[in-house]
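**Student:** attaching a predicted model along with its sequence, questions to come.
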Amino acid sequence: MILNSILEKIGNTPLVKIREVTKELSQQVSVYAKLEYFNPGGSVKDRPAYWMIKKAIAQEKLTQDKIIMDPTSGNTGVAYAMVGAVLGYRVELVMPANASQQRKDIAKTFGASITFSSEMEGSDGAIRLAHKIYQENPGKYFMPDQYNNPDNSEAHYETTGVEILQQTKGAITHFVATMGTSGTVMGITRRLKEHNSHIVCIGAQPAHAMHGLEGLKHMPTSIVPGIYHEKNLDEVMWIETEPAYDMAERLGKEEGLIVGYSSGAAMVASMEVAKRLKAGVVVTVFSDHGDRYFEGMKW
């Protein structure tokens, strides 16, 4: 395979069957995970970052004289930095100070600069600071505004959702995803529901405002993304931090999958759904690789 650029490798990620963790389930129930760390930037966020930037260039909202700047908890920032490096755009990120060191280092390696917001305010603090910087510097920046840009979820409607239907040959019965910007669950849900309105789509979020699931939002106490529409979901699940950490450890030891906290949470939610079923195909999304969290992981 010869590529014109690494950006051509975004998407078409593998779907893997979870075998050991699911042994207790009915034999007629299967759980699959979409391994988004196979994207070249290492996370699910490559898809919306590239999609939003492509759309902005086509619409002439992003020109070579402008700097790409957006708030991020880490992975979207890495994706912006990678895309910017390939396409020749400068990138400035606003990121919580307590984002994992690995993600800070990767973004800087791609050439991005980072302004840090308060670690006590999480992603909401980054959002507030980014908008302040944008407003104080008219004409300097292009802000994709990932939390409110419909092109975020559109990326998943056009790519990830289509891939899941193709990979499961339309047999999916339940879809589960964790929520930060909510772009993944919103876009995939729309695609799946168009295919079959009976597919049950579930969004999972931290059970408490103070949690350790980096990148995820507890919607009741956070700045709610403009692209998030809870009415589009069949159910919202609430996930505790410790079980998500424990599941991330299990996935490494039992499935050979080293994943981040949010993937552990996604698997916890998927197992809760799967245990209710006598038969079905449950699909979830593993957003990134665990090597971005080794410094902070309890194990």
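**Tutor:** Yes, it's here.
**Student:** any low-confidence regions in this protein?
**Tutor:** 295-299 (pLDDT under 70).
**Student:** and it, what are its domains?
**Tutor:** Here the domain parsing of the chain from automatic domain parsing is 6-40+159-292, 46-142.
**Student:** in the stretch 151-299 of the chain, which spans are helices?
**Tutor:** For the stretch 151-299 of the chain, the helices defined by DSSP state H, counting those that start in this stretch occupy 161-167, 183-195, 241-255, 261-275.
**Student:** and residue 54, which of the ones you listed is closest to it?
**Tutor:** Distance to residue 54, taken as Cβ to Cβ, is lowest for helix 183-195 among the helices of the stretch 151-299 of the chain, at 15.1 Å. All C-beta atoms are positioned from the backbone trio N, CA, C, and that covers glycine.
**Student:** which strands or helices does that closest one pack on?
**Tutor:** Using 3 or more Cβ pairs under 8 Å, 6 or more residues apart in numbering; DSSP states H and E, the elements in contact with helix 183-195 are helix 150-155, helix 161-167, strand 174-178, strand 200-206.
**Student:** residues in contact with residue 187?
**Tutor:** The contact partners of residue 187, by Cβ atoms under 8 Å, 6 or more residues apart in numbering, come to 152, 153, 154, 155, 156, 157, 158, 160, 161.
**Student:** let's see 6 Å
**Tutor:** Residue 187 sits next to 153, 156, 157 when contact means Cβ atoms under 6 Å, 6 or more residues apart in numbering.
**Student:** before we move on, back to that, just the helices of the stretch 151-299 of the chain: most buried one?
**Tutor:** Across those, the average number of neighbours (mean count of other Cβ atoms under 10 Å) peaks for helix 261-275, which reaches a mean of 25.
**Student:** tell me which residues are up against it.
**Tutor:** Residues outside helix 261-275 that contact it (Cβ under 6 Å, 6+ apart): 25, 29, 31, 174, 176, 178, 204, 213-216, 237, 239, 243-244, 247-248, 282, 284, 286-287.
**Student:** which stretches in the stretch 1-150 of the chain count as helices?
**Tutor:** 46-58, 75-87, 101-109, 122-136, 150-155.
**Student:** now render these as a markdown table, adding distance to residue 167.
**Tutor:** Shown next, in a markdown table, are the helices of the stretch 1-150 of the chain (distance: least, Cβ to Cβ, whole Å):
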| stretch | distance to residue 167 |
| --- | --- |
| helix 46-58 | 15 |
| helix 75-87 | 22 |
| helix 101-109 | 28 |
| helix 122-136 | 30 |
| helix 150-155 | 17 |
